[in-house]
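Visitor: Next input, structure requested:
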Amino acid sequence: MGKPTGFLEYERLDGPVVTEENRIKNFLEFHSLLSLEDQKLQASRCMDCGVPFCQAGLMISGMASGCPLHNLVPELNDLVYRGRLEQAYKRLSMTHSFPEFTSRVCPALCENACTCGLHGDAVATKENEKTVIEYAFENGLVKEETAESRTGKKVAVVGSGPSGLAAAQMLNRRGHLVTVYERNDRIGGLLRYGIPNMKLDKKVIDRRVKLMEEAGVRFITNVNVCGSKAVDTAVSEKTKYITAEELEKEYDAVILACGASNPRDIKAPGRDTKGIYFAVDFLGRVTKSLLDTDFDILKTSDKDKSKVFPFSEVSGKNVVIIGGGDTGNDCVGTSIRLGAASVIQLEMMPCPPTERTASNPWPEWPRILKTDYGQEEAIYSFGKDPRLYQTTVKEFISETVKNEKGKSEKRLKEVIIQSLEPKRDEKTGRMMMVPVEGTEKKLPADLVLIAAGFLGSQSYVTEGFGVEVDARTNVKTKAGKYATSKPGVYVVGDMHRGQSLVVWAISEGRNAAREVDEYLMGFSNL
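Guide: Okay, here's the model as predicted:
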């Protein structure tokens, strides 16, 4: 595929990136595309390797290798190289529901399994994919398919993240009547309120949702299924509530796509101090503030900004982020844009090596050090990498102050951190990170963001539907299946597999749609 000698003739070249100095001034996307001619040369680097792991989507040593959607990557790259972008889009859309999302936020499992990357730089498949889908949108090629006739079957999808959207898209194409329920005020789930705008411009979500609406998918926001005012975590004050019984009575099938939205907490003394937030709540409130004001808040004076959340919580403050993953990195970049005085990111695990070790051979997922955009911006802004490895918070320290209403309250002042070291548990044999006595230090902290991952689905939904869950609170199904223990109720995405990637969510949504279609019709042509 591509040019037989392309990988020998051309070095990898990525699209232009806005400098740290300029991009931290706003929440706009900062990755641009190469010219079409340059992108064609990049696509020409795809080798005729014989065994393209890039499209395999295999689990190797417990990690994904290659695309879980099984996109036919060599064919796509070849079409881009030849400038046949309309055909490339048709090829891509056969296996992929939303290339515009993954080409922005996916860690590129395809590239990390690329044969060309074994001894050099991988093919720029992610940017090739983005070139194709943006060309398709610009030229009016993207149209949601609609069935010639409706089946009369009704399906409810609870949750509008990538898995829910993918399932809704496929079932609507089949001719079923699909309604998507979202507890927040806008469609998108974690695509909307978990991923910052500079990584995924929310207009990208809006244009896809509009197409799906025009094709017949019904979207209803501000509805918390199985929720109540006592447990409601929705960001909107207009939230309505529907029970599982009501949905099951009205619809022929229900798909739960609620995500792994139960955040892991940090149980340390002082946890009840004001100024400590879960990262996903913080990121969601930032995005909502921006969308609610149409980004006008960024144009106001610093004095006015300081009065409005999230600026009042971050501007001029010392921020400590607990967690070293993608969400932690997003918190770093967001805090810098909101004017933080300092940002420190705590990572429990040791610093990864800069190159693959012998125990982590290709095509396994590379367990190597990655310096993402947030860390790059912190290095630019503060002169050093914000990450402290093998470190955790031992205690949150507060001080008593008067709030705006003149009442006394405890506010965060600093955190006591402690080093960790790996030790093997004698009973289980597992390697654990344990505290090292005598290594305690104090860090100034006005705001702490907990980005320590998620523990699975929220109990009020699973209990409301009466579905079985496993030890990690993920909804149980048979291996490779999506039907829950409750007839007619299915599960997809993070609620099914645990916290994972957008590309896995889309894959699960598409596969679950086929299973639901077979349940409703006795067969499936999806």
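
Visitor: Confirm for me that Glu377 is in contact with Lys25.
Guide: No. Contact criterion Cβ atoms under 8 Å: Glu377 and Lys25 do not qualify, at 10.9 Å. In short, each C-beta sits where N, CA and C put it, glycine included.

Visitor: Who has more neighbours out of these two?
Guide: Glu377 (25 against 10; other Cβ atoms under 10 Å).

Visitor: In what element of secondary structure is the more buried one found?
Guide: helix 373-382 (DSSP states H and E).

Visitor: Name the residues of that helix that are buried.
Guide: 373-378, 381 (16 or more other Cβ atoms under 10 Å).

Visitor: Repeat that for stretch 385-395.
Guide: Those would be 386-394, for stretch 385-395 by 16+ other Cβ under 10 Å.

Visitor: Can you classify Tyr277 as helix, strand or coil?
Guide: Recorded secondary structure, Tyr277: strand (DSSP: H, G, I helix; E, B strand; the rest coil).

Visitor: if we can go back for a sec, going by distance to Met433, which of the buried residues of helix 373-382 wins?
Guide: Gln375 (20.9 Å; Cβ to Cβ).

Visitor: can you tell me how far that closest one sits from Ala512?
Guide: The gap separating Gln375 from Ala512 is 36 Å, by Cβ to Cβ, to the nearest Å.

Visitor: cool, Glu468 as well?
Guide: 17 Å.

Visitor: just Glu21 next, same as before
Guide: Glu21 is 45 Å from Ala512, by Cβ to Cβ.

Visitor: More neighbours: which of those two?
Guide: Applying other Cβ under 10 Å to Glu21 and Ala512 shows that Ala512 carries more neighbours, namely 29 against 10.

Visitor: Quick one: residues contacting that one.
Guide: 163, 167, 255, 482, 490-492 (Cβ atoms under 8 Å, 6 or more residues apart in numbering).

Visitor: swap the cut-off to 7 Å and go again
Guide: 167, 255, 482, 490, 492 (Cβ atoms under 7 Å, 6 or more residues apart in numbering).

Visitor: Give me the contact list for the helix or strand Glu248 falls within.
Guide: In this assignment (DSSP H and E), Glu248 forms part of helix 244-250. Identification of contacts with helix 244-250 by Cβ under 7 Å, 6+ apart yields 154, 156, 225-226, 254, 464-465, 488.

Visitor: Mind doing that once more with 6 Å?
Guide: 156, 226, 254, 464-465 (Cβ atoms under 6 Å, 6 or more residues apart in numbering).

Visitor: cool, and stretch 358-376?
Guide: 20, 53, 60-61, 63, 65, 112-113, 118, 329, 332-333, 352-354, 356, 385.

Visitor: Out of those, which sit inside strands?
Guide: The strands, defined by DSSP state E, take in 60, 63, 65 from the contacts of stretch 358-376.

Visitor: want to throw those into a markdown table with neighbour count and distance to Glu440?
Guide: Formatted as a markdown table, the ones in strands among the contacts of stretch 358-376 follow (neighbours: other Cβ atoms under 10 Å; distance: Cβ to Cβ, whole Å):
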| residue | neighbour count | distance to Glu440 |
| --- | --- | --- |
| Ile60 | 16 | 40 |
| Met63 | 15 | 34 |
| Ser65 | 21 | 41 |
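
Visitor: show me what contacts Lys274?
Guide: Here Lys274 is in contact with Arg411 (criterion: Cβ under 6 Å, 6+ apart).

Visitor: which stretches of the stretch 1-150 of the chain have low pLDDT?
Guide: 1 (pLDDT under 70).

Visitor: That one: strands as residue ranges?
Guide: Ranges of strands within the stretch 1-150 of the chain are 58-60, 63-65, based on DSSP state E, counting those that start in this stretch.

Visitor: do the same with the stretch 301-450 of the chain
Guide: Going by DSSP E, counting those that start in this stretch, the stretch 301-450 of the chain shows strands at 318-322, 342-347, 387-389, 391-402, 408-424, 431-435, 441-444, 447-450.
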